[in-house]
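>>> Structure for the following, please:
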Amino acid sequence: MKSEVELQHFYEAEFKALLEPLEQYRLSNVRRVRLFSYLALASVIISGLCLLSELSFLVAIFIVPTFFFLGFAFQVLLKLSAHLTKQYKYGILPKLLGFLYEDYEYIARQKIAKSVLEKSMLMPSYLINVQGEDFMRFKMGNASIMFCEAKAQSNLEKVVFQGIFISASFNKNFTSKTFVLPKKFSAFREKVKINLLNSFSRVLLEDAEFNSKFNVYGSDQLEARYLLTPSLMQRIVEYERKTKKDISFSFVDNRLYCAIPQYTNLFEPTLFKPFNFEFVMENYTPLKLYTDLVEDLNLNLRIWSKE
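Numbering: from 1, shown residues only. Prediction:
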């Protein structure tokens, strides 16, 4: 992935010009929204003054334009949001990804399959529905990583996970299943923990800092310790510190899965903020964070290799 300095150069040389038409469209429509909002506010104030002045018969005259102005402002907002989203996700964001990565795939309306989340065993045993968007896949050296924004439900009302779900190739052969879960648990994580306790044993490791942050469960004590080397445990702790989230990992069928709680909708255009370098960095930062998993956890390291 390109560095922040390289991104700054790219922004000044090319990307800023790509964003300019969107910024002009955003500004012109925001002005319209503000104009009609001010007109609606003025109608409300005049209506209030009419009531205070015992001229209530005039209130009805200003009620209609108030709703008209508010309705028009709302329609402009909807149109603005739809246009910016379409232009950004299908035109601008792919160009940013193309600059940052040599080998990538991006599908705005795609999600990671429900079966992948279930295979990770980081979710309750059965999911009734998984929603998601902004599917991204990257090839980085000998490793590959894919992720998306996901919302998983165990029934029609209960959301058990919302955030970034990552699946990455792991260049080590292992036949066991190993789970690294945060000490801090939400209600649904407690259910995951109970499910794992019924099938897997607790794995005790020698890293005190790692043990203070995570509980480990596995089907094979020896292989879990072989997999979670001191270096890997340190990297997991560092990655948890970087994300500032209560992240969970699982190692299943030669793949690494990672669930990161996240309630902010990422990779979205902004209605009331300019399309400037700060906005670009708001997209760059999470991209770097999630794809750095390959380097941070040494997923390209060919030790205990498949080949």
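
>>> Can you measure across stretch 285-299, start residue to end residue?
20 Å (Cα to Cα, to the nearest Å).

>>> Pull out the buried residues from it.
P286, L287, K288, L289, Y290, T291, D292, L293, V294, L297, N298, L299 (16 or more other Cβ atoms under 10 Å). Backbone N, C-alpha and C define where each C-beta goes, glycine included.

>>> OK, contacts around E268?
Contacts for E268 (Cβ atoms under 8 Å, 6 or more residues apart in numbering) come out as T85, Y88.

>>> switch to 10 Å and redo it
By Cβ atoms under 10 Å, 6 or more residues apart in numbering, the residues touching E268 are S81, L84, T85, Y88, K89, L93, E133, D134, E149, E282, N283.

>>> what about the residue nearest to K184 when sequence neighbours are not counted, how many neighbours?
Closest residue in space to K184, ignoring its immediate chain neighbours: D246 at 4.9 Å, by Cβ to Cβ, 6 or more residues apart in numbering. When neighbours are counted by other Cβ atoms under 10 Å, D246 registers 18.

>>> Check V5 too.
Here the number of neighbours of V5 (other Cβ under 10 Å) works out to 8.

>>> do the same with the one 5 residues further on
F10 is surrounded by 17 other residues when neighbours are defined as other Cβ under 10 Å.

>>> ok but it is inside a helix, no?
Yes - F10: assigned to a helix according to DSSP: H, G, I helix; E, B strand; the rest coil.

>>> How many residues are close by the nearest residue to it once chain neighbours are set aside?
Closest residue in space to F10, ignoring its immediate chain neighbours: F99 at 5.4 Å, by Cβ to Cβ, 6+ apart. Neighbours of F99 under the rule other Cβ under 10 Å: 15.

>>> still on that earlier bit, so of the buried residues of stretch 285-299, which ones are in strands?
Here DSSP state E is the test, and the buried residues of stretch 285-299 give no hits in strands at all.

>>> Among those residues, which one sits closest to S120?
When the buried residues of stretch 285-299 are compared for distance to S120 (Cβ to Cβ), L293 wins out at 14.2 Å.

>>> T175 versus that closest one, what's the distance?
From L293 across to T175, the span is 23 Å (Cβ to Cβ, to the nearest Å).
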